[in-house]
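1. One predicted model, sequence on top.
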Number of protein chains: 2
Amino acid sequence: MNIGQASARTGVSAKMIRYYESIGLLPSAARRANGYRDYGDQDIAVLQFVRRTRDLGFSLEEVSALLALWSDKGRSSREVKQLAETHIADLERRIREMRAVMKTLRELAQHCHGDERSECPILDDLAKPRTQGPRRTQRAVRA
Amino acid sequence: MNIGQASARTGVSAKMIRYYESIGLLPSAARRANGYRDYGDQDIAVLQFVRRTRDLGFSLEEVSALLALWSDKGRSSREVKQLAETHIADLERRIREMRAVMKTLRELAQHCHGDERSECPILDDLAKPRTQGPRRTQRAVRA
DNA sequence: CCTCCACCTTCCCACAATGGTAAGGTCAAC
DNA sequence: GTTGACCTTACCATTGTGGGAAGGTGGAGG
């Protein structure tokens, strides 16, 4: 199966399949005489696994760990569950933070008339410092 | 005031202040004879505005728009409120998506013993395709 | 056989925002 | 005068993804 077919079947773009291979997330694909990558049912299963874990918001590093656990018959289910629960806790924290932000934004918007007048408490308020300390960066969330 | 002072006072790293200037988000800072950037109270206010809007999760592009609205005395408060509400709707959508993902993850984790045994329904389940269609990318969320 | 189109290959560029680091200039205090 | 804390610019890395160029391949229709 060509990379295009594999992509269509798994929802992972050809671009990303090549990228995953290049960074070692996936093993090197088999090649046909013409140099084209060739995918079989097992490869498709792996790609589906990747697609699904990505959809669930795991980073490529985490996906890599999950793939390793997947193929390791001797691993304990504890390790897998641990990874999943860490991820859940991460999501919970992020949702909490986003909710706090929404609350603030709603309060700001509430006091703004939103009409033709130029008076706007949102901007006035944004100019005042509220939070302090250096900001922390956070990982991207995907849908 | 040196960039270091400005940074300490606003919580925006010196690195980022220079970056914001380089991409045109901020106007070129005044320079002293030795080439050092020099910040006054008005500059500090702008930096605080940026810091605060960034904390609320607005992208630099949105911050730029807000800054423009801030200095535009003739704009209607409707425009500002619109921007804020679009952002709130965006947050709501992302939270909904993250919650859906959490639900799935919790269900998966629930069926996994998480002990020394290797049997693990999480991995078995991840191998089966669930969602379909190409994946969409999403903007990073910051705290 | 030739041409055309769809596919494949590799390689490089871009994005958003941020941090790191190196190589050098400056300034104040001791 | 030296030391150390600051400033300057410039380049590289990150995370995951898309876009595009330049070229090879393969099959279908003329």
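-> Perfect, I can see it now.
2. quick check: domain ranges of chain A?
-> When chain A is parsed into structural domains using automatic domain parsing, the resulting residue ranges are A:3-71, A:77-142.
3. can you tell me if the first one touches chain B.
-> By that I understand domain A:3-71. Yes - Domain A:3-71 lies in contact with chain B when judged by C-beta under 8 Å from any C-beta of the partner chain; the contacting residues are A:10-11, A:13, A:45, A:48-49, A:51-57, A:66, A:69-70. Backbone N, C-alpha and C define where each C-beta goes, glycine included.
4. and DNA strand D, which of those residues reach it?
-> Intersecting the residues of domain A:3-71 next to chain B with the surroundings of DNA strand D, defined as C-beta under 7 Å from any atom of the strand, gives A:13, A:54.
5. buried subset of the residues of domain A:3-71 next to chain B?
-> Among the residues of domain A:3-71 next to chain B, those scoring as buried are A:10-11, A:48-49, A:51-57, A:66, A:69-70 (criterion: 16 or more other C-beta atoms under 10 Å in any protein chain shown).
6. out of these, what pair is the most spread apart?
-> Largest separation among these by C-beta to C-beta: A:G11 and A:L69, giving 22.4 Å.
7. per-residue confidence at A:V141?
-> We have a pLDDT of 45 for A:V141.
8. should've said A:T131
-> Looking at A:T131, its pLDDT stands at 62.
9. Most distant residue from the centre of chain A?
-> A:R117 (41.5 Å; C-alpha atoms, centre = their mean).
10. Surely it and B:S76 touch.
-> Yes - the pair A:R117 / B:S76 is scored as a contact, 6.8 Å apart, by C-beta atoms under 8 Å.
11. Name all residues that make contact with A:Q82.
-> For A:Q82, the residues meeting the contact criterion (C-beta atoms under 8 Å, 6 or more residues apart in numbering or on different chains) are B:G114.
12. phi, psi of A:V50?
-> Summarising the backbone geometry of A:V50 under the convention degrees, to the nearest 10, its torsions are phi -60, psi -50.
13. give me every residue that touches it.
-> A:10, A:12, A:20, A:25-26, A:63, A:67.
14. go again using 7 Å as the cut-off
-> Neighbouring residues of A:V50 by C-beta atoms under 7 Å, 6 or more residues apart in numbering or on different chains: A:12, A:20, A:63.
15. Same list (the residues you listed) but as CSV, adding neighbour count.
-> Putting the contacts of A:V50 into CSV (neighbours: other C-beta atoms under 10 Å in any protein chain shown) gives the following:
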residue, neighbour count
A:V12, 23
A:Y20, 20
A:V63, 22
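16. tell me which element the residue of chain A at minimum distance from DNA strand C falls in.
-> Among residues of chain A, the one nearest DNA strand C by C-beta to the nearest atom of the strand turns out to be A:G4. It sits 2.6 Å away. A:G4 is part of helix A:3-10 when elements are defined by DSSP states H and E.
17. OK, contacts around A:I3?
-> Contact analysis of A:I3 by C-beta under 7 Å, 6+ apart lists A:14, A:17, A:37, A:39.
18. model confidence over whichever strand or helix holds A:A68, on average?
-> A:A68 belongs to helix A:60-71 when assigned by DSSP H and E. Per-residue pLDDT over helix A:60-71 has a mean of 95.
19. So which residues of chain A form helices?
-> With DSSP state H, the ranges of helices along chain A come out as A:3-10, A:14-22, A:41-55, A:60-71, A:77-110, A:121-126.
20. of all these, which lies closest to B:H113?
-> helix A:77-110 (5.4 Å).
21. Give me the distance from that closest one to the chain's centre.
-> 14 Å (C-alpha atoms, centre = their mean, to the nearest Å).
22. and what of stretch A:66-74?
-> Between the mean C-alpha position of stretch A:66-74 and that of its chain there is a distance of 21 Å (C-alpha atoms, centre = their mean).
23. and A:L91, how many neighbours does it have?
-> 20 (other C-beta atoms under 10 Å in any protein chain shown).
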